[in-house]
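Student: quick one, structure for this:
(3 chains)
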Amino acid sequence: MPELPEVETIRRRLAPLLVGRDVTGVTVYDETVSDQSVAELRRLTTGRRVEAIQRRGKYLALDLGDVWLVIHLRMTGQLLLSRPEGARLPRMSLAFAPPRDLFFYDTRRFGRVWAVRQARLPEFFAEMGVEPLSPEFTVAALRGLLAGRRQPLKAFLLDQRRIAGVGNIYADETLFRAHLHPLRAAGTVGARSAQHLHDALVETLTLGIANAGTSVDTFVDPEGASGSFQEMLNVYQRTGQPCRVCGTPIERIVVSGRSTHFCPRCQPPRHVASRARRSSRPATSARSTVGGLRRR
DNA sequence: AGTGGCTCCTGGCGGC
DNA sequence: TGCCGCCAGGAGCCAC
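Tutor: Coordinates of the predicted model:
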C-alpha cells in the first residue's frame, strides 16, 4: 500500500518526465475514480502545463498552476508510464504533449482523483497533519501532538490528521525502531521516548525513500520497478519469525482494527494498561502462523 | 476522545 | 481440482 515513501518515490520518478509537458487529454475508463464528471476533470486540466509534481502525505498531485490534479492511490493504485502487456484497462489515463501517457491502474479501485482549483487547496488539505519530513516536524511538535492522548501509539501514527503519510507498514517499523509498544497510550510518552519516536519515524521514512519504497504488496514505481525496503523490514508481516535483534518471535495483534506487528522483547509493554493488553486481539488462528508460511 | 463496525473492492488464500 | 467464504486495508462515516 503506497505510503509516504512510495508516493514520494513516484513523485521523484515522474517529475523529470512530466514537468513542462501540457495535459492534452483525460480518459476515464471507470467513472468511480472521481466524484467529478469526466467533463469537469477535462475542463479543469486539459491545456494546462505541469509546473511540478507535489506530494502531501499520501496524496500525489500534478501541479498545473491554477489547478492541482490530486491523486490518492489508497491500497493498490499504480501510476504507470506504459500499459503492461496483458493488463486490463486502467481506471484513467492522462495524455501529455510532447507525447507521453500516464496510466492509473488500481485493482481494488479504492483510489480517487480530484481536480482542485488552487484557491481551494488549503481547504482540500485542511485536515492533514504535519509532514513528518518537514522542518516543522520537531520533537517539540511531536510532544504537542502526543500530549493528553489516550489512544495507542499505533492508532496515533496512522491518524492522518496528526502526522500525514504514515500507514501500516511504516507505523509498525517506526515503533520497532523506537522500542515502543504499539498499545502504549500516546500521552504517556515522555521526553526521551518522544525523541526516540521522532527519530525513528524520520529514519524509517527516509530509509523507505532511499530504498525506493516497500514492494510487499503491489507497489511499483512508474516504470514498473519494485522498491527494496521490504528486505529491511523488522516486524511488518514477519509474524512468528525471529526478531532480527533478539530472536524473539514477532507477534501480531489487532490495534484499532489494523494488523500490528511487534517484537514483545524489544518493545516491552511499559506503560501499557493490562486491560489494553488483554483487549487487543491476538493474531487470528492458523492463518497467521501455519508452518510459518503465511506472513500475515 | 476514542473505538468498533461498516463501506468501498478484489485477489488470494484456507478449508473442505 | 474446484468452489465457497473470509480477509486485508486507507479513509470516511456513523453509533456508542
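Student: what are the buried residues along the helix or strand where residue A:43 lies?
Tutor: Secondary-structure assignment from DSSP states H and E places residue A:43 in helix A:38-45. Within helix A:38-45, the residues scored as buried using 16 or more other CB atoms under 10 Å are A:41-42, A:44-45. Placement of C-beta: from N, CA and C, glycine included.
Student: can you give me the strands for chain A?
Tutor: For chain A, the strands defined by DSSP state E occupy A:22-28, A:52-56, A:59-63, A:67-72, A:77-80, A:92-97, A:100-106, A:112-117, A:251-255, A:258-262, A:281-282.
Student: adding mean neighbour count and distance to DNA strand B, write these out as TSV.
Tutor: Listed next are these as TSV, based on neighbours: other CB atoms under 10 Å; distance: least, CB to the nearest atom of the strand, whole Å:
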stretch	mean neighbour count	distance to DNA strand B
strand A:22-28	18	14
strand A:52-56	17	21
strand A:59-63	23	17
strand A:67-72	23	12
strand A:77-80	24	12
strand A:92-97	19	14
strand A:100-106	20	9
strand A:112-117	18	10
strand A:251-255	20	7
strand A:258-262	23	9
strand A:281-282	12	8
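Student: that older thread, for DNA strand C, state which of the buried residues of helix A:38-45 is nearest.
Tutor: Of all the buried residues of helix A:38-45, residue A:41 has the smallest distance to DNA strand C: 19.1 Å, by CB to the nearest atom of the strand.
Student: that closest one and residue A:25 touch, don't they?
Tutor: No - using CB atoms under 8 Å, residue A:41 makes no contact with residue A:25, being 10.7 Å away.
Student: now the buried residues of helix A:38-45 in a markdown table, with pLDDT and distance to residue A:89?
Tutor: Formatted as a markdown table, the buried residues of helix A:38-45 follow (pLDDT from 0 to 100; distance: CB to CB, whole Å):
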| residue | pLDDT | distance to residue A:89 |
| --- | --- | --- |
| A:41 | 96 | 17 |
| A:42 | 96 | 18 |
| A:44 | 96 | 23 |
| A:45 | 97 | 20 |
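Student: intersect those residues with the contacts of DNA strand C.
Tutor: Near DNA strand C, judged by CB under 7 Å from any atom of the strand, there are no entries from these.
Student: who in the stretch 1-150 of chain A is up against DNA strand C?
Tutor: Contacts of the stretch 1-150 of chain A with DNA strand C, taken as CB under 7 Å from any atom of the strand, map to A:1, A:3, A:57-58, A:72, A:74-75, A:108, A:110, A:127.
Student: out of these, which are buried?
Tutor: Buried, going by 16+ other CB under 10 Å: A:1, A:3, A:57-58, A:72, out of those.
Student: now for those, which pair is the farthest apart?
Tutor: Among these, the pair separated by the greatest distance (CB to CB) is A:1 and A:57, at 13.2 Å.
Student: so what sits against both of those two?
Tutor: Common neighbours of residue A:1 and residue A:57 (criterion: CB atoms under 8 Å, 6 or more residues apart in numbering): none identified.
Student: now residue A:248. Nearest residue, chain neighbours left out?
Tutor: Excluding its sequence neighbours, the residue lying closest to residue A:248 (CB to CB, 6 or more residues apart in numbering) is residue A:265, at 4.2 Å.
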